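**Q** Pasting a predicted model and its sequence here:
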Amino acid sequence: MPSPSPAPRVGAHRDHGFHPLRVARVVHETDDARSFVLDVPPELRDAFSYQAGQFCTFRVTLEGEAQHRCYSMSSAPEVDDELQVTVKRVPGGLVSNWMNDELTAGSVIDVAPPSGVFVLDQGDGKGEDEGEGEGDVVAYAGGSGITPVFSIAKAALAGSERRVRLLYANRDRPSTIFAEALDALAEQHPDRLTVVHHHDVVDGFVGPEAATALLAGARRPQAFVCGPGPFMDIVEDALLAAGLPPEALHIERFSVDDLPLPGLGAEAAPEPEGCQVTIELDGQIATTEHRPGTTILQTARQLGMSPPFSCEMGNCATCMAKLVEGTVSMKRNTVLDDDEVAEGWVLTCQSVPTSSSVRVAYEEG
Ligand SMILES: Cc1cc2nc3c(=O)[nH]c(=O)nc-3n(C[C@H](O)[C@H](O)[C@H](O)COP(=O)(O)OP(=O)(O)OC[C@H]3O[C@@H](n4cnc5c(N)ncnc54)[C@H](O)[C@@H]3O)c2cc1C
Ligand code: FES
């Protein structure tokens, strides 16, 4: 069972800290997926306001160790009063199975406020055409990747005039999360929503033709892709080859293992030789020589520490720490704002040293 929650972290410019939220309801979606409706108290409503497609980071202590995982909202603020996430079991996975088996209505779980950039582009009305930025939504989801995509589809249908096309890949119909809800949505919006179900047991895996077929004839398409790594790679390659501008392609990766090599496409930062890295965490202070190519987070692990982390993709801020001395280069940051960076906060999963000595301090708790 999880242990009591430590106090929420404080000190950051925005609220990246954890708050205990009560589970209002658990919905059985499929044999291996549950939705969790969270009760957000009035004083936290602003902190937990979100855009369709964003996620929250959850913290749970299992066997004495804090685990952090991100789960995207399957609700959309445009149509759903309550905040809901949907979690699919990963074979052998620690937290997804614990949530499916143990997290019940009335349980309390630590959740950090929403973040993420996998969201609809908002039209500014200043484009060459009325509604610039509000092109058709062309979405590709595989398995649990439907979670943010379902949220985005609902938001686009309720909050704009956009048309939505969805290619949704699953093993078969019984394993399809939100199958009935999508049918109902398509009935509600027959002229604006098209859902193409792809069942691997019948159709084999999704290939490039299926990806480009969905794009054909779309008006200023904005593509949203979320699913298993190989699925996303095929769809991404097919869409770019079909001429979709890269800025119209939005991809959400659930696992760091899904990142295309060599990783993030970031430019290599110059890393000084012999740099000394000092890390402060939970009352421990340790120093070691930096190994080239290693992030501060990895260095903390090499020192035998258990630093907090979740996405390892620069998306969630679970790994943030204060840079006390020296300089670092962050490969990717979609979550800390400019003021926080100016105050010295860094994402340790994305930071490599750029000075001869570096010291970072994780917050207590
Ligand atoms: C931005 C974002 C949004 C996300 N949204 C969702 C969502 O809406 N819904 C959803 O279901 N998921 C979502 N995820 C994925 C989620 O965060 C977790 O990664 C997922 O639930 C797996 O966590 P786990 O603890 O169950 O698995 P883990 O314990 O982390 O294991 C993951 C994999 O590693 C393997 N593994 C674990 N330990 C070992 C070991 N010792 N040796 C070998 N292999 C091992 C497991 O078998 C499994 O295959 C999201 C992720 C991100 C980054
Ligand atoms: S672990 Fe998510 S930003 Fe570093």
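**A** Looks like it came in fine. Residues are numbered from 1 along each chain as shown. Ligands and ions are numbered 1, 2, ... in the order given.
**Q** who does the residue nearest the centre of the chain bridge with?
**A** Closest residue to the average C-alpha location of the chain: F55 at 5.2 Å, with C-alpha atoms, centre = their mean. Beta-bridge pairing of F55 under DSSP bridges involves S72, S115.
**Q** contacting residues for P353?
**A** P353 makes contact with E271, P272, C275, V277, H290, I296, G326, T327, V328, according to C-beta atoms under 8 Å, 6 or more residues apart in numbering. Just so you know, the C-beta spots here come from the backbone N, C-alpha and C atoms, and that holds for glycine as well.
**Q** now, which of those residues sits nearest ligand 2?
**A** Ranked by distance to ligand 2 (C-beta to the nearest ligand atom), the contacts of P353 are led by I296 at 10.0 Å.
**Q** With N333 as the reference, measure out to that closest one.
**A** Distance of I296 to N333, given as C-beta to C-beta, to the nearest Å: 13 Å.
**Q** Between these two, which is the more surrounded one?
**A** Neighbours were counted for I296 and for N333 using other C-beta atoms under 10 Å; I296 has more, 27 against 18.
**Q** Looks like the more buried one contacts E280 (just checking).
**A** No - in this structure, I296 is not within contact of E280 by C-beta atoms under 8 Å, at 11.6 Å.
**Q** what is in contact with these two at once?
**A** V360.
**Q** before we move on, back to that, max pairwise distance over the contacts of P353: which two?
**A** Using C-beta to C-beta, these span at most 14.2 Å, a distance reached by P272 and I296.
**Q** Tell me if the longest strand along the chain is near ligand 1.
**A** Longest strand in the chain by number of residues, with DSSP state E as the criterion: strand 19-30. No - against ligand 1, strand 19-30 shows no contacts by C-beta under 6 Å from any ligand atom, the least distance being 10.4 Å.
**Q** Partner strands of that strand, with direction?
**A** Per DSSP bridges, strand 19-30 is paired in its sheet with strand 33-39 (antiparallel), strand 108-115 (antiparallel).
**Q** which is the next helix or strand following the last one?
**A** Meaning strand 108-115. Counting by DSSP states H and E, the next helix or strand C-terminal to strand 108-115 is strand 137-142.
**Q** what does this protein have sitting close to ligand 2?
**A** Residues of the chain lying near ligand 2 (C-beta under 6 Å from any ligand atom): F309, S310, C311, E312, G314, N315, C316, A317, T318, C319, L347, C349.
**Q** Could you find the residue in the chain that comes nearest to ligand 1?
**A** For the chain, C-beta to the nearest ligand atom, closest residue to ligand 1: G93, 2.2 Å.
**Q** That residue: neighbour count?
**A** For G93, the neighbour count with other C-beta under 10 Å is 14.
**Q** Dump stretch 308-323 to CSV, keeping only the CA atoms.
**A** Extracted in CSV, the C-alpha atoms of stretch 308-323 (Å, rounded to 0.1, in the frame of the first residue of the first chain):
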residue,chain,number,x,y,z
PRO,A,308,12.8,12.0,-8.7
PHE,A,309,11.9,11.6,-12.4
SER,A,310,9.1,10.5,-14.7
CYS,A,311,9.0,11.2,-18.4
GLU,A,312,12.8,11.7,-18.9
MET,A,313,11.8,13.8,-21.9
GLY,A,314,11.8,17.3,-20.6
ASN,A,315,8.0,17.3,-20.3
CYS,A,316,6.9,16.9,-16.7
ALA,A,317,9.3,18.8,-14.3
THR,A,318,9.4,15.9,-11.9
CYS,A,319,13.2,16.0,-12.1
MET,A,320,13.6,19.7,-11.5
ALA,A,321,16.4,20.9,-9.2
LYS,A,322,18.1,24.3,-8.5
LEU,A,323,21.4,25.0,-10.1
